[in-house]
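Participant: return atomic coordinates for the entry below.
(2 chains)
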Amino acid sequence: MANTINKVCVIGAGTMGAGIAAQVANAGVPVLLLDIVPKDGENRNAIAEGAVAKMLKTQPAPFMSKRAAKLVETGNIDDHLDKVAECDWVVEAIIERLDIKQSLYEKLEAVRKPGTAVSSNTSTIPLAQLTDGRSDQFKQDFLITHFFNPPRYMRLIEIVAGPQSNADTVAMVSDFVDRKLGKSVVDAEDSPGFIANRVGTFWIQQAVNSAFEQGITVEEADEIGGRPMGVPKTGIFGLIDLIGIDLMPHLMKSLTSTLPKDDPYQAIARSEPLIEKMIEEGYTGRKGKGGFYMLEKGADGSRTKMAKNLQTGEYAPARGSRLVHGSAARGDLGKLISAKGKVGDYAWAVLGPTLSYAAMIVPEATKTVVGVDDAMKLGYNWKFGPFEMIDKIGVTTLIERLEADGLPVPEMLRIADGRPFYRVEGGKRQYLGTDGEYHDIVRAEGVLKLEDIKLSSEPLLANGSAALWDVGDGVVALEFTGKMNALDEQVMKIIKKAVPLVQKDYKALVVYNEGSNFSAGANLGLAMFALNIAAWSEVEKSVKGGQDAYKALKYAPFPVVSAPFGMALGGGCEICLNSDATQAHAETYIGLVETGVGIIPGWGGCGEMLSRWINNPKYPKGPMPAVSKVFEIVSTATVAKSAAEAKELGFLRHDDGITMNRDRLLFDAKQRALAMVDGYQAPEKPEYRLPGPSGAAALKLAVDSFHQQGKATDHDVTVAGELARVLTGGDTDPTEITTEADLLKLEVEGFMRLARNPKSQARVEHMLETGKPLRN
Amino acid sequence: MQVYDAPIRDMRFVLEELHNDDGFGDLEGFEDFDGDMIAAILEEANKLCKEVLLPLNWPGDQEGCHIENGVVRTPKGFQEAYKAFCEGGWAGLGVDPKWGGQGAPHALGKMVEEMTCSTNLSFGLYPGLTGGAMVALEAHGSDELKNFYMPRMASGEWSGTMCLTEPHCGTDLGMLRTKAVPQDDGGFLVTGNKIFISAGDHDLTDNIVHLVLARLPDAPPGVKGISLFLVPKYLPNEDGSLGNRNGAGPTAIEHKMGLKASATCQMTFEDSKGWLIGEPNKGLAAMFTMMNTERVAVGIQGLGIGEIAYQSAVWYAKDRLQGRSLSGVKNPDGPADPIIVHPDVRRMLMTMRAYNEGSRAVSAWVSRALDAEHAAKEPEARERAKDFVALMTPVVKSLFTDLGHESAHLAVQVYGGHGYIQESGVEQFARDARIAQIYEGTNGIQALDLVGRKLPDRMGRNLRSFFHPVSQFIEDNAADPAIGKMVGGLQQAFGALQLSTGHIAQKGLKDPEEAAAAATDYLKLLGYVAMGYCFAKAAKISAAALEAGTDDKAFYEAKIITARFFFDRLLPPVMAQMMAITSGKASMMDMPEDAF
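Facilitator: Residues are numbered from 1 along each chain as shown, chains lettered A, B, ... in the order given. Model prediction:
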């Protein structure tokens, strides 16, 4: 058996198979993508090739970089199946038909080398049936790896090992999907629908049934069943529109045919005539003519959100529903299900049976409550898993209400005996096992979470916007804690204090947090307020304060490693640029987007980006090329769509690290920082030779041409002009040295001129009000 | 003695010289109102106010209004005065010509209002209420209602009221109980009791058009369930002649501290026929359309009282001979010097004068913005004007009425013991001025509106319309030798205002009580900075005029002296508001309720 997976074969180039292949390639691992030979046409690889070509155009993109796409080798199963012998793992993602899958496995058995892992991406067929008729060796190497769509972005993978599966093979695949593909593995049992789809399908069905029964509108259902329950705001009907209404009967059929007759799902599975009619007429959701919601375009180009009336089947303008108030709207589930009127009625009708059902499938579908919770959080983006929700309601209260309604009370709820499913004991998070005992939730090796550290320690320093944590081994983590992790004076204060603190008692600093995004930059709201009250000196102070703080990090006598993930924009990008190294999550969207709000980078981003491109060995020398490149990237507010792309754009250095699994980011960043400790020396201050006004004039020429073509607005020209002035060094010329301090001063001057410009103010304001840039 | 001659020179200064660069640009539709026209209108208004309204002011206060057999009688002479007022076209001064009005800008209209408020505040309320009702009707009424009622109200033939308050609800209109039941003909029957209804009934017009807030049968609770109805006192026939009484009438009039010639009525509506104005349940929004202009108008009432109090005090200070000047005899032929020679009397007179000139300058700015909201050519200017009006409305209402009240008391003080005697006429100012601090939203509510709504709105967007021009002015003029010292003072106060604003924005976000605790102090600070800005600008313009040579030397020199007084004596103490603001709520909220 192979110890590591160096090459993967994916068979089946549909959405899932192609997406899985892309993610393998994203991890830098070569992948063979095979599909059948098309019935007609000369190109026998057309299906797999077509899938890759389509993915290169798909948004959101399955590939993290163009380079990744080159790692996908395409072929067909008639001509190229023997290449499976080169692969350490074969993923089958073909049509959900047992006979076809079985016949493929038969062929695979002949060509694969023993020990090559084979897994199916099936979502419905039991493992035992899949391997029926295969050799013991094949059965040992076989498992189910159930990805979720789209494979790049959905973090959940359910892994099912059969009774004969070789533990090492399962471990090897699990480890690969975890570390390389960045997925969170939840171990599932070989039961129908596994975990997430089983609970999810029940939940959706119950929610749809209840909406029809209680006569509430889709808007109301989605309001009650969305945010207040910690469910994405699409709620129920919005979610069905998203996944496709026509998929519902398939899911139902598959589950009703495989679940035992006494499973509670059988009792609620039914289809509504209205929904059948919608599917018939092509109202299949967002991909079709519309669904429970529809955007109606008016003659004047305006768009009205329409909602389906479940009673009449007619569309009418969607009515914003504001039924849920107070703590019930803020996650107090007990309040929500006991609210008077339709809010409580509907919330209970959805949650009561769903939570009961979720409790029923432990240990049948997965051994622990943690598995169910993780599956729902990662697979359906629920904020809380079912057992976390039960803890919020109180298990005793839940049992009482279930009994009062004559609903089943599963064994797992009895086992709890009034105790919560989760508790913190001795700084460790524990879950309640089926044995009635509490067990530590053990993180995998190489997983370090700030949320765990917080259970057992206090911050070294903290204010409203940032905190410092001791994350062990002499490393301190700087966490942003403000709303949306926005950066403000408070953050800079903590940074300033962090430098002497780390210098005195620690070895290194990592910049890391566990919010939804690393940081989307400076607190624009605060800035807007300061601009509105003409507090120019305050604004200038905050620009300089940010520069000082970031440079203090840069020249601190210890290594600083930034660990971005999600959005790292503006000031969030600049802190990475000022770090010694970056360990980025693969899904990092980093960029200097200041021009979008009519300003320019003010916290050293200009100079740092110049350094990156000047020192890029593959890029032409001379004062102009690097300047032009940075100008192009920053003036257009370019954001990298992955960490890989960030390297191409210079936001990351070529030797910066990329972590595929979000849960491993802090550990990796910390290791990287520790590796730099020995012999660490702060960087030398850069000196630049910049083109000066003649260079700025050249850049202006380009902008003017865009302006003439109507691609740049008047104010774009103004903003670009200020950016050009900074990047070209102001009133310098290539014979003179421009220092970092000079560039920082130019940044402040340009920033302040723009900040005082009403058109820039209008851009900031528009961004705050609409979340979209204003083109003025 | 009640002495008045309209400060036309200063009015023309703030209208024609002070705000030419306010950034709103030229306004459309007011081209006819040039300098000559403005002068003519102000002169005419002054004449009417001096000759007709002022002589009725004190007698009207003495006589008061009376209710007999369900009919309210205004004091002697009011009917004739009202007739003269209407014949002069003053009832429709600011009303769109298509309704028969004069179409004058707010900026000019507010100056005329100042004159009527100075000379007879009680009288001014009758046409004032009609004006407010017209604004709401014009903005939200159906064409049918407007075509029928607007011309009759613009001519003054019929008057209007606003019926909001009920015995159990004033500030909190959400508790309103008056009902409106829909009828088959599309109308409604309105039933309920209202109190504190100014001009609710009187004998000046044949008919009275009540705008009444009431609830529809299926209305949601609270302020979202209030609708606005037009309910006439007499149901008019199609030709405008009067039909039957409409079950709407006064049951009593209030016995008040002041404003005695204005009939403040308790009203009963009993199955009174009404017509919906605007959308069902959107009555409060319809009411708020006129709230800005009305609140500015109440601010003007404060200014009006302040002006006549000042003029009456000046007359007395020059007339009253007591003691000798500390710097030597000034009136050797008399038994004593006039009291105007005394610094402390000067302090009072200059204070009143600076309040009035400062308020007038700010009022002209805000009134111009009221016009620019609709009439500015550039959409950005209209937006800016709207923001500015939103921000400054509570300031104008609250600050001007506080200052007007203070001026009235200063006038009493200048008169000494005689001021306390009714016959002097000045104690009436103190009593009349008091209500303006209370009605149309108490001054406390205004301050809450400022810090709770106007300040945080859209990340401080409203503030920009004020802070940016002030900041720019300071930057541009700090080195100006003529006004540099004043600009220095303005800069300090502006800095205190900026810090206070930031403080409130930050604290108020976490704890609304913190913002509320700072509200009144903050409003004052902002208002004084606004006056300071206007004074510094006025001084700059005056210095330039003097430099260039002017035949109105006395006016500009006096303006500079008043400005200096403001910066020397009035602005510095207000900067200390910042200390009160930043001290937080603790010392007022810590006291246990039982300890009171």
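
Participant: report the contact partners of the closest residue to chain B within the stretch 651-776 of chain A.
Facilitator: Per CB to the nearest CB, A:L768 is where the stretch 651-776 of chain A lies closest to chain B, at 6.0 Å. Every residue, glycine included, has its C-beta placed from N, CA and C. By CB atoms under 8 Å, 6 or more residues apart in numbering or on different chains, the contact set of A:L768 is A:524-525, A:528, B:458-459.

Participant: farthest-separated two in the residues you listed?
Facilitator: Using CB to CB, those reach their maximum pairwise distance at A:L524 and B:R458, which is 12.5 Å.

Participant: ok, the two, which is more surrounded?
Facilitator: Set A:L524 next to B:R458 and count neighbours by other CB atoms under 10 Å in any protein chain shown: A:L524 wins out with 20 against 16.

Participant: now do the SS call for the nearest residue to A:D656 once chain neighbours are set aside.
Facilitator: Nearest residue to A:D656, sequence neighbours excluded (CB to CB, 6 or more residues apart in numbering or on different chains): A:T582, at 4.3 Å. Secondary structure, DSSP: H, G, I helix; E, B strand; the rest coil: A:T582 is strand.

Participant: and for A:T582, the neighbour number?
Facilitator: Residues lying near A:T582 (other CB under 10 Å) number 29.

Participant: for the one 10 residues further on, same thing?
Facilitator: Applying other CB under 10 Å, we find 32 residues neighbouring A:L592.

Participant: hang on, it packs against A:E608?
Facilitator: No. A:L592 is beyond contact range of A:E608, at 9.6 Å (criterion: CB atoms under 8 Å).

Participant: what helix or strand is the closest residue to A:K183 other than its chain neighbours located in?
Facilitator: Nearest residue to A:K183 in three dimensions, chain neighbours excluded: A:I157, at 4.1 Å (CB to CB, 6+ apart). Applying DSSP states H and E as the criterion places A:I157 in strand A:156-161.

Participant: in a strand, A:P601, correct?
Facilitator: No. Using three-state DSSP, the assignment for A:P601 is coil, not a strand.

Participant: that one: what's it in contact with?
Facilitator: A:570, A:574, A:592, A:594, A:609, A:634, A:747.

Participant: assign a three-state SS to A:A467, would you?
Facilitator: Counting by three-state DSSP, the backbone at A:A467 sits in strand.

Participant: ok, now how distant is it from A:A498?
Facilitator: Relative to A:A498, A:A467 is positioned 10 Å away (CB to CB, to the nearest Å).

Participant: more neighbours: which of these two?
Facilitator: Neighbour totals were compared for A:A467 and A:A498, and A:A498 leads with 25 against 21 (other CB under 10 Å).

Participant: quick check: closest non-adjacent residue to that one.
Facilitator: In space, A:A498 is closest to A:L468, 5.6 Å off (CB to CB, 6+ apart).

Participant: restricting to C-alpha, output the helix or strand hosting B:F85 in CSV.
Facilitator: Assigned by DSSP H and E, B:F85 falls within helix B:78-87. Output of helix B:78-87 as CSV, limited to C-alpha atoms (Å, rounded to 0.1, in the frame of the first residue of the first chain):
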residue,chain,number,x,y,z
PHE,B,78,-58.1,90.9,16.1
GLN,B,79,-60.8,90.5,13.4
GLU,B,80,-59.9,93.8,11.8
ALA,B,81,-56.2,93.0,12.0
TYR,B,82,-56.7,89.6,10.5
LYS,B,83,-58.7,91.2,7.6
ALA,B,84,-55.9,93.6,7.0
PHE,B,85,-53.4,90.8,7.2
CYS,B,86,-55.3,88.8,4.5
GLU,B,87,-55.9,91.8,2.3
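
Participant: how distant is that helix from the center of its chain?
Facilitator: In terms of CA atoms, centre = their mean, to the nearest Å, the centre of helix B:78-87 is set 22 Å apart from its chain centre.

Participant: for that helix, which positions count as buried?
Facilitator: Buried positions in helix B:78-87, judged by neighbour count with 16 or more other CB atoms under 10 Å in any protein chain shown: B:78, B:81-82, B:85-86.

Participant: before we move on, what about stretch B:129-137?
Facilitator: So stretch B:129-137, judged by 16+ other CB under 10 Å, has buried residues B:129-137.

Participant: low-confidence ranges in chain A?
Facilitator: Along chain A, segments meeting pLDDT under 70 span A:1-2.

Participant: show me which residues of it sit near chain B.
Facilitator: A:525, A:528-536, A:538, A:761, A:765, A:768-769 (CB under 8 Å from any CB of the partner chain).

Participant: so which of the residues you listed is the most crowded?
Facilitator: Each of those was scored for neighbours by other CB under 10 Å, and A:L531 scores highest at 28 neighbours.
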